[in-house]
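Asks: next one to model:
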Amino acid sequence: MTRKILMPMDGGQHSHRALNWYVRNFNARDDELVFAFVAEPPRSAIGDVTSADKVSSSMAENIAKAKALANDASQKFLERVDHNAGQAIVDLANEENADVILIGNRGIRGIKKAFLGSVSDYVLHHSHRTTIIVPPPPKDTHH
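Replies: As a prediction, the model looks like this:
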């Protein structure tokens, strides 16, 4: 039976870690991977041409990295620009009728998480699909 797995990718280490986890722990021969890149343009860039150019350049670089990962895996790649990355991922999972959402987590905690929120937390609490969150590696506590 084919499983459709939506994997949000941003080209960063958390996306790589999630993909590696998938390959080592969850991969099945008939899986259909759907990679999704969701760019969140910073609100401060609106109306500021210099900032908008920098954001555009950075987004293009991240899209290229994410596409390279998808191309290496010979799978489907979707792009979306949205101020709410979590909701965009939930929407893409619904549009694609994904069986599973597999997402990496940055591991932000405390006050920063309370103010900024977490895309993976949003997806976990708003998606009605099986969601796997791959955590960051444990920090070395033996110094």
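Asks: so where's the protein uncertain?
Replies: 42-60, 62-74, 107-117, 140-143 (pLDDT under 70).
Asks: let's verify Val34: helix, strand, or coil?
Replies: At Val34, secondary structure determined by DSSP: H, G, I helix; E, B strand; the rest coil is strand.
Asks: which residues does it bridge with?
Replies: In this entry, Val34 is beta-bridged to Leu6, Lys76, by DSSP bridges.
Asks: that one touches Ile5, doesn't it?
Replies: Yes. When contacts are counted by Cβ atoms under 8 Å, Val34 is listed as touching Ile5 (6.9 Å). C-beta: built from backbone N, CA, C; applies to glycine.
Asks: out of those two, which sits in the busier spot?
Replies: Comparing Val34 with Ile5 by neighbour count (other Cβ atoms under 10 Å), the higher total belongs to Ile5, at 24 against 21.
Asks: so the nearest residue to that one once chain neighbours are set aside bridges to which residues?
Replies: Excluding its sequence neighbours, the residue lying closest to Ile5 (Cβ to Cβ, 6 or more residues apart in numbering) is Val100, at 4.8 Å. Taking DSSP bridges as the rule, Val100 bridges to Ile5, Thr130.
Asks: quick one, what contacts Val90?
Replies: Going by Cβ atoms under 8 Å, 6 or more residues apart in numbering, Val90 touches 122-123, 126-127.
Asks: does it sit in a helix, a strand or a coil?
Replies: Val90 ends up helix, using three-state DSSP.
Asks: how about Asn27?
Replies: If you use three-state DSSP, then Asn27 falls in the coil class.
Asks: quick revisit: ok, the contacts of Val90 vs His14, which is closest?
Replies: Val123 (13.2 Å; Cβ to Cβ).
Asks: right, and that closest one touches Ile101 too?
Replies: Yes. Using Cβ under 8 Å, Val123 makes contact with Ile101 at a distance of 5.9 Å.
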